Every structure is written in C-alpha cells, then in structure tokens.
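With the input below, show me the fold.
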Amino acid sequence: MREPTVNQSVSVTSVNFVIRDLTIDDLDAVIELEGRSFPDPWPREAFETLFEYRLLFKGAFVGGQLAGYVIGLCFDDYLHLVNIAVA
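The predicted structure follows:
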C-alpha cells in the first residue's frame, strides 16, 4: 500500500458484501438510498421505467442491506453509467 501524503488519509477495513442484479423487488431500497444520496433524487417512476429496459442494474449488499447501486447502458465496447449511489 502506498504511504499517505500530507492531507490524505488511508483507512482499510474488511467488509463482507454481495453484488447481485437488482430487481423490481429492490426498488424501495433503491429509492431510499437515492433520497439519501442526492439533493434532487430521481422519482420512483424513473426507476420503474429503467427496470423495463435491459440495463445493467447491480446492487452491493452488506448485511442484507443495500449499500450501493449502479445503473449502466452496455454497448459493444463500453459502458455508459446512468446513475450510481453509495451509502
């Protein structure tokens, strides 16, 4: 690990997490995290629409709770991030 320089801090902890595809059943947790993450969160309807499309929609769970998510559009050779939030 690189030594921290002035005005930097480094913290390393061990956290067990699971990353999986999100489903419409996860929508309440996604909306809650979105609301805590952004001053102008996306409305529920926006997420409902996104679930109708074949997007990359992954969630990271710690202790069974949603800790973060990413939404992306996958193309042949790149990924366009649509939204991302971390608790």
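
Longest strand in this protein, by number of residues?
strand 65-74 (DSSP state E).

Once you drop chain neighbours, what's closest to the residue positioned nearest the centre of the chain?
In the chain, the residue lying closest to the centroid (C-alpha atoms, centre = their mean) is residue 69, at 1.5 Å. Leaving aside its chain neighbours, residue 69 sits nearest to residue 59 (4.6 Å; criterion: C-beta to C-beta, 6 or more residues apart in numbering). Yep, even glycine has a C-beta here, placed from its N, CA and C like the rest.

what are the bridge partners for the one you found, then?
Residues in a beta bridge with residue 59, per DSSP bridges, are residue 20, residue 69.

these two touch, right, it and residue 65?
No - using C-beta atoms under 8 Å, residue 59 is not in contact with residue 65, being 10.1 Å away.

neighbour count winner among these two?
Neighbour count, other C-beta atoms under 10 Å: between residue 59 and residue 65, residue 59 has more, with 22 against 11.

Now do the more buried one against residue 70, distance only.
According to C-beta to C-beta, to the nearest Å, residue 59 stands 8 Å off from residue 70.
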